[in-house]
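S.K.: sequence and predicted model, in that order:
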Amino acid sequence: MIKFLPVLADKSKGKFENQHCLPFILNLFSKYKSVLVDDYYPEDTLDLISFIIDEVNQLYPWFLVVLSDDTPAGVIWISHWHGSPEKYHSCQIHSYMDKKYWGKTTRTALNELLNILFNQVGVERVQMEVPEFNNKACAFARRMGFSQEGIIRCATMKDDKPINHILFSKLKGEFEYGKK
């Protein structure tokens, strides 16, 4: 069973929620740094930890730890909300699942998240940007029914080289809950 836990660890305001998940998040980013981190992330480990915790806090309540049968399996964060809190039109999702959960768990987690975004939050469009070199993630987006809209040239830099991102989207009318 898939569950999502929002994470908050704002020491300055004394606000914490599911902060016990922070070691999992930091370990996941460290383990898959070569795919997740571009040239603009801090190189120093302590600076990177602070950076990630700041991101978690800024995105609250939409930085989520994905639980599979109550075990942390990955993270999903949502940004670039368009519209207003009363009626969001679209958003962008980012995710990373621990490799041992690739496959059915990842598909189920995305399906559950899309159900929340389309049918509870009420967005009309969900998009994701995938680094062009990440063939498995691009194939996953297509398999989940996302349409390729284009290429964002030189979206970021990795090892001092420009990296293109592929822009994928899915519209509310294209989503069928439970269909992968």
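M.R.: Great, that's in hand.
S.K.: so Glu112 is in contact with Leu67, correct?
M.R.: No - look at Glu112 against Leu67 with Cβ atoms under 8 Å: they stay out of range, at 10.9 Å. Every C-beta, even on glycine, is put in place using the N, C-alpha and C of the backbone.
S.K.: which residues do those two both contact?
M.R.: Shared contacts of Glu112 and Leu67, defined by Cβ atoms under 8 Å, 6 or more residues apart in numbering, are found at Ile2, Phe4.
S.K.: residues in contact with the helix or strand where Phe24 lies: which ones?
M.R.: In the assignment (DSSP states H and E), Phe24 maps to helix 22-31. The contact list for helix 22-31, computed with Cβ under 8 Å, 6+ apart, reads 7, 9, 36-37, 48-49, 52-53, 56, 65, 72, 74-75, 96, 98.
S.K.: flag every buried residue along it.
M.R.: Within helix 22-31, the residues that count as buried by 16 or more other Cβ atoms under 10 Å are Leu22, Phe24, Ile25, Leu26, Leu28, Phe29.
S.K.: and the gap between the last one and Ser50?
M.R.: In this case it means Phe29. The gap separating Phe29 from Ser50 is 12 Å, by Cβ to Cβ, to the nearest Å.
S.K.: now do the fifth one
M.R.: With distances taken as Cβ to Cβ, Leu28 is found 17 Å from Ser50.
S.K.: ok, Ser34 - contacts?
M.R.: By Cβ under 8 Å, 6+ apart, no residues touch Ser34.
S.K.: check whether it sits in a helix, strand or coil.
M.R.: helix (DSSP: H, G, I helix; E, B strand; the rest coil).
S.K.: same question for the one 5 residues further on.
M.R.: Using three-state DSSP as the criterion, the local structure at Asp39 reads coil.
S.K.: test my guess that it contacts Pro162.
M.R.: No - using Cβ under 8 Å, Asp39 is not in contact with Pro162, being 10.2 Å away.
S.K.: what about Cys138, which SS state?
M.R.: Going by three-state DSSP: Cys138 is helix.
S.K.: kindly report the same for Arg142.
M.R.: Secondary structure assignment for Arg142 (three-state DSSP): helix.
S.K.: what's around the nearest residue to it once chain neighbours are set aside, how many residues?
M.R.: Take Arg142 and drop its neighbours on the chain: the residue closest to it by Cβ to Cβ, 6 or more residues apart in numbering is Gln148, 7.2 Å away. Each residue near Gln148 was counted by other Cβ atoms under 10 Å, and the total is 13.
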